[in-house]
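K.L.:
Requesting a structural model of the entry that follows:
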Amino acid sequence: MTVATLTPDRGRAGLLEKLLAAVRAEFRTEIYHPDPDHRVFVSPQCAVTGCDRVTWQQGLCNGHVIRWRHRGRPPMEDFLADPGRPVRGRGELAACVADGCRFGVNGRDLCMRHYDRWVRAGRPDPDAWEPPALAVPDPVPGECRLPFCTLWVDNPGKIFCRGHHDRWRNTGRPEVEEFVVACQLNGTAAIDLRGLPAQLTLEFQYGMQCRADAHRRTTPPRDVMHAVRLAKSSQVTSLLDLDEAQWRQRAKSRVREPVLFLIETRDAVETLRDGAGWEIEYPRDVWRMDRLPGIALPHAAAAPRARLRLDRIAQPWLRDLGKRWLRLRLMSGMSISTVHNSLEAVACFSRFLAHAGIDRLSDVDRPLLERHLAWVASQPGEWGLKKTRIQGLNLFFQAIRQNGWDDTLPGTAAYYLGDTPPPPPQVSRRLAEHVMTQIESEDNLDRWTDPAGRLITLILVRCGLRISSGLTLDFDCLIHDAQDAPYLRYFNTKMKREAAVPIDEELQDAIREQQRSVLARWPEGTPVLFPRPLANVAGTFRIADGSYRRKLKRWLATCDVRDEHGRPVRLTPHQWRHTFACRLINRDVPQEVVRVLLDHESDRMTAHYARITDQTVRRRWEAAMKVNIKGERVALAADGPLGQAQWAKTRYGIATQTLPNGYCGLPVQQTCPHANACLTCPVFLTGPEFLPELREQHTRTLTLIDNARSCGHTRVTEMNQQVADNLDRMIHELKNSHEQQGEIADAG
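P.N.:
Predicted structure coming up:
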């Protein structure tokens, strides 16, 4: 069933022509039947054996869900074992039990004729009463008009059997063909666009095509039908007849997906009509971020709905200047969150100007800004918000002057150092070890019902990542250095750069298990390590921040994590970052190492964790020559995220695991499997400063070998011979390099 030929009306000719050209043939039908294995318009079949309806809830169709609820929600396996008779919908109705009779049932499993005979017989026991054989009417009655029903119609004036005639009458006596198709589609995955105006039909077809082409969000056909019914009830001829706010108001429903599909379809139609880009968006008072080229959208499912509401700026002259400034900030690479903060600063100033009765830029001078400072201080909000409002406005004034946007701005309109109040004292947000012991308990970690949530928790606790960096990990996030030590490569979402942090083998194994789980769900691969489990066709959507926080809250309640006073613990994931840093400081790790592990930009960002500095350690380490047990020289990786993280790992080992004759290169998160056997350990390192100790140990080892041989202790001889060989190679390499450095110094 295809759409009839359309004649474009005046005023909408351009859109109709574009729709007719854009909608492909597969979607140009009033009844769209998605393939059973369609990855976008998903329509899984009801779990009840023999039921051809699509799933509604709990893996059941709507009819079986209702039956399951009426039974008191029994265990699903018990219900599936005995689901009862087939649900009503498209099946043939019950026929009269009398032999040879194909009329529909009127009562007592009898048709109207046999029911009348049963009444005349005095209403005997139905099980004992034998229905009389009545003559078949001549001519034989026709069958019900519905293709799946073979019952006879009651009289020649009807076209449906008794039961289907009652259903047709109760639905308002629609057109016969319309009723027949509706009965056939009942409970299926079909999307029925019949009854919509021609252009509205095309718009929905285009929206379905765009959703299928995007190949990102799963969209059950029932959600599309919810949107179709909403459009029908609104009596519009085009989705563009109402704006987004009006559609949301019309919906008045808690069902989010159908409304989102309708609004996204409206946006797609509007983009098809008007195009996209700065020339289209700039004049608008609400900028749609997905329509702007070169804008980095956040890694969230709601990113396509990102909006910049410039209608919050009341004064037209101020809004025009604000638009120029915000566009400049977006094109300079500022993140959407930063630009939102800039908009907040201008919008706050707009509210102040309305309060002060100022309507000209020339009246914005230093005395007015001093009043603005006092007004901002009196508004609700934390210190950070007030600081953003003041500093953002100062940057706005600087941009006006630098770019010559308006020469009427007085030169005194500026804020100066000290205008904003100092930040409040920073209170440690670290979690007590009493709480961390409960969080890191294996028993509690095993209570995570979602393995991905458990792994995210481990990464945040053990690596000190921000939650934004932890949730946006790429699928291939594991890297290794020359010693095959594992590192977690991540994107520092605050500093906008890649970084790496050393991890232990247990965490590495957990990440690899998560990778296998993701590939099992999305065999074609996915770019993210933690994809959203639902409505995620290609696995490109990352799990949302709010989703993890809700899961974390439920997990803490399940584990009954309490503080030292017995109160339930309420925490934020960022507190694990503070705890991670404080633990490092308490282990005497230098502040510079902590800075590298946390990937802070400067020491000042790490200063609230400790007041110590150690900026010469890496230079000294790189200047010294180190060898391993094979006598091979050890060099750190080149500059970059891995080089920084590798140095931090090595420096941490030096600070906490120095040995009498060298250093341990094992990551501090691991337990040493070579107890008291460092000279045969593959991660042992040493340098020329340990030559006297190495020579002395070499002499002692040779003596032990001689004694063992004389006593016939073969195993002891073999173990010590390996140590002696390693010592020999290390001493030889260190001695040669020391002599080479002396010759170079003499030549200099």
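
K.L.:
all helices for the stretch 351-500 of the chain, in order.
P.N.:
Applying DSSP state H, counting those that start in this stretch to the stretch 351-500 of the chain gives helices spanning 366-378, 383-403, 433-439, 442-445, 451-463, 467-471.

K.L.:
scratch that, the stretch 1-150 of the chain is what I was asking about
P.N.:
13-22, 62-70, 76-81, 112-120.

K.L.:
For residue 175, find the nearest of those helices.
P.N.:
Ranking the helices of the stretch 1-150 of the chain by distance to residue 175, with CB to CB as the measure, places helix 62-70 first at 24.6 Å. Bear in mind the C-beta positions are built from the backbone N, C-alpha and C, glycine included.

K.L.:
any low-confidence regions in the stretch 101-250 of the chain?
P.N.:
187 (pLDDT under 70).

K.L.:
quick one, strands of it?
P.N.:
Listed in chain order, the strands of the stretch 101-250 of the chain (DSSP state E, counting those that start in this stretch) span 191-192.

K.L.:
between the helices of the stretch 351-500 of the chain, which gets nearest to residue 94?
P.N.:
Closest of the helices of the stretch 351-500 of the chain to residue 94 is helix 451-463, at 49.6 Å (criterion: CB to CB).

K.L.:
re the thing from before, can you put the helices of the stretch 351-500 of the chain in CSV and add distance to residue 137 and mean neighbour count?
P.N.:
Shown next, in CSV, are the helices of the stretch 351-500 of the chain (distance: least, CB to CB, whole Å; neighbours: other CB atoms under 10 Å):
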stretch, distance to residue 137, mean neighbour count
helix 366-378, 89, 15
helix 383-403, 84, 17
helix 433-439, 79, 16
helix 442-445, 75, 12
helix 451-463, 67, 21
helix 467-471, 72, 23
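
K.L.:
Which of these sits closest to residue 422?
P.N.:
Counting by CB to CB, and looking across all of the helices of the stretch 351-500 of the chain, nearest comes helix 383-403 at 8.9 Å.

K.L.:
Would you reformat the helices of the stretch 1-150 of the chain as JSON lines and include distance to residue 266?
P.N.:
Putting these into JSON lines (distance: least, CB to CB, whole Å) gives the following:
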{"stretch": "helix 13-22", "distance to residue 266": "12"}
{"stretch": "helix 62-70", "distance to residue 266": "28"}
{"stretch": "helix 76-81", "distance to residue 266": "39"}
{"stretch": "helix 112-120", "distance to residue 266": "52"}
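
K.L.:
Nearest approach to residue 387 belongs to which of those helices?
P.N.:
Closest of those to residue 387 is helix 13-22, at 47.0 Å (criterion: CB to CB).

K.L.:
Leaving out sequence neighbours, find the closest residue to residue 241.
P.N.:
Closest residue to residue 241 apart from its sequence neighbours, by CB to CB, 6 or more residues apart in numbering: residue 234 at 8.0 Å.

K.L.:
now do residue 364
P.N.:
Closest residue to residue 364 apart from its sequence neighbours, by CB to CB, 6+ apart: residue 413 at 4.9 Å.

K.L.:
likewise residue 493?
P.N.:
residue 468 (4.2 Å).

K.L.:
before we move on, what about residue 62?
P.N.:
residue 56 (4.3 Å).

K.L.:
what do you get for residue 599?
P.N.:
residue 499 (4.1 Å).

K.L.:
So the one you found versus residue 472, what's the distance?
P.N.:
Residue 499 sits 13 Å away from residue 472, going by CB to CB, to the nearest Å.

K.L.:
residues in contact with stretch 416-434?
P.N.:
Contact partners of stretch 416-434, identified using CB atoms under 8 Å, 6 or more residues apart in numbering, comprise 373, 377, 383, 386-387, 390-391, 439, 563-564, 569, 571, 574-576, 578-579, 581-582, 608.

K.L.:
Can you name the residues that contact residue 143?
P.N.:
149-153, 161.

K.L.:
Could you single out the nearest of those to residue 103?
P.N.:
Nearest member of the contacts of residue 143 to residue 103, counting by CB to CB, is residue 152, at 5.2 Å.

K.L.:
how deep is that closest one tucked in, by neighbour count?
P.N.:
22 (other CB atoms under 10 Å).

K.L.:
That one touches residue 136, doesn't it?
P.N.:
No - here residue 152 does not reach residue 136: they are 9.5 Å apart, not a contact under CB atoms under 8 Å.

K.L.:
any low-confidence regions in this protein?
P.N.:
Along the chain, segments meeting pLDDT under 70 span 1-13, 88-91, 187, 253-255, 296-305, 426-428, 602-683, 716, 738-748.

K.L.:
Point to the residue nearest the middle of it.
P.N.:
Centroid-nearest residue in the chain: residue 543, 2.2 Å away (criterion: CA atoms, centre = their mean).

K.L.:
Tell me which residues touch that one, please.
P.N.:
452, 456, 471, 530-533.

K.L.:
what do you get if the cut-off is 10 Å, keeping everything else the same?
P.N.:
299-301, 450, 452-453, 456, 470-472, 528-533, 536, 551 (CB atoms under 10 Å, 6 or more residues apart in numbering).

K.L.:
Same question for residue 224.
P.N.:
32, 34, 41, 191-193, 204, 207-208, 211, 257-258, 261-262, 265.

K.L.:
Could you do residue 451 as well?
P.N.:
510, 513-514, 517.

K.L.:
can you check residue 288 too?
P.N.:
Contacts for residue 288 (CB under 10 Å, 6+ apart) come out as 244, 267, 270-271, 276, 280-281, 304-308.

K.L.:
Weed out the non-buried ones from those.
P.N.:
244, 267, 270, 276, 280-281, 304-306, 308 (16 or more other CB atoms under 10 Å).

K.L.:
that older thread, any chance of the contacts of residue 451 in a markdown table, plus distance to residue 422, secondary structure and neighbour count?
P.N.:
Listed next are the contacts of residue 451 as a markdown table, based on distance: CB to CB, whole Å; DSSP: H, G, I helix; E, B strand; the rest coil; neighbours: other CB atoms under 10 Å:
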| residue | distance to residue 422 | secondary structure | neighbour count |
| --- | --- | --- | --- |
| 510 | 43 | helix | 17 |
| 513 | 48 | helix | 12 |
| 514 | 44 | helix | 20 |
| 517 | 49 | helix | 13 |
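
K.L.:
biggest separation within those, which pair?
P.N.:
Every pair of the contacts of residue 451 checked by CB to CB; the farthest is 510 and 517, at 10.6 Å.

K.L.:
Perfect, I'm done here.
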